[in-house]
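Q: generate a structure from the sequence data that follows.
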Amino acid sequence: MNEKLWEQIEMDTLTSRLLAIGNLQNNPMGVSIQSFGQTMAYTVKSIPGPAFNVIKGLCGEDELLLDEIIDFYDEKHIPARFEIAPSHHSQSLLKALHKRGFYQIDFHTTLYKQLPGTIKPVNNAIEIRALHQDEFQTFADIYTQGFQMPSFLLEGVAQNNAVLYSLPEWTFYLALVDHEPAGVGVLFCNEKGGNLAAASTLPTFRQKGVQSALIQQRFQHAQEIGCKWIVGQASYGSGSQRNMERAGMRVAYTKAIWVRDESL
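A: Residues are numbered from 1 along each chain as shown. Predicted coordinates:
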């Protein structure tokens, strides 16, 4: 198993994204990235929620750094959220989290596929092409509608993805059905491998194979540029996980999500 490699690809993806956002003039989103041993702690003050405010790579070796990690979040008034992969856990580490008021709240699945490998042809009824640089409003509209996000976040989503467009590790795709924008997909690739970094479909175009087509397109691109592995993440048992499994990906592991009981 290559669990550490797959998790590193995931961390590289988030680090690349947040460094690009943080490098905007005066760091308007309040991005902060801090390493604690092997553990990476990410915060984005202006973007609430768990996607960018998360702790990855926590392992037993970093148990003595737990208080420093938690203080890092407390000082920013941002809830600490730990993602713990199975190979990194230990009874001592989990007891230490519990002692500090944390508990497991959810599961999150990481999937993988070895490349080169069999890639199904993209559905001819769905057109997949590279997103143009002037289409990030369209990207944001599809992304926010697909995830039922409030409309006031649209500009932020557009800006925070547009800053990645010129970076060689990032590729953005637009899916069209009958020439109408229907879905988006994002691929991150570096020397370690590829990551299905983000994807969304407009509700009116679901159940038409849009996400399956976007997954296959990203497989193909990752394979063409020499990636040996491609990974993806999804809520446990979700439609996204099923789409990845149908595309030939296998479950690598399921992360445990730990948060603090704020009522204590």
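Q: let's see the pLDDT reported for the closest residue in space to residue 23 that isn't next to it in sequence.
A: Leaving out its chain neighbours, the residue that sits closest to residue 23 by C-beta to C-beta, 6 or more residues apart in numbering is residue 163, at 7.8 Å. Quick note: C-beta positions are derived from backbone N, CA and C, even for glycine. Reported pLDDT at residue 163 in the predicted model: 97.
Q: can you check residue 264 too?
A: If you check residue 264, the pLDDT there is 60.
Q: correct me if wrong: the residue nearest to residue 23 contacts residue 25.
A: No: judged on C-beta atoms under 8 Å, residue 163 makes no contact with residue 25 at a distance of 11.2 Å.
Q: would you confirm that residue 252 contacts residue 4?
A: No: taking C-beta under 8 Å as the definition, residue 252 is not a contact partner of residue 4, at 10.9 Å.
Q: of those two, who's got more company?
A: residue 252 (23 against 14; other C-beta atoms under 10 Å).
Q: which elements pack onto the longest strand anywhere in the chain?
A: In the chain, ranked by residue count with DSSP state E as the criterion, the top strand is strand 102-114. Applying 3 or more C-beta pairs under 8 Å, 6 or more residues apart in numbering; DSSP states H and E, we find strand 102-114 packed against helix 3-22, strand 229-235, helix 239-246, strand 250-260.
Q: buried set for that strand?
A: For strand 102-114, burial by neighbour count (16 or more other C-beta atoms under 10 Å) applies to 102, 108, 109, 110, 111, 112, 113.
Q: now do stretch 81-89
A: 81, 82, 83, 84, 85, 88, 89.
Q: since that was my last question, I'll sign off now.
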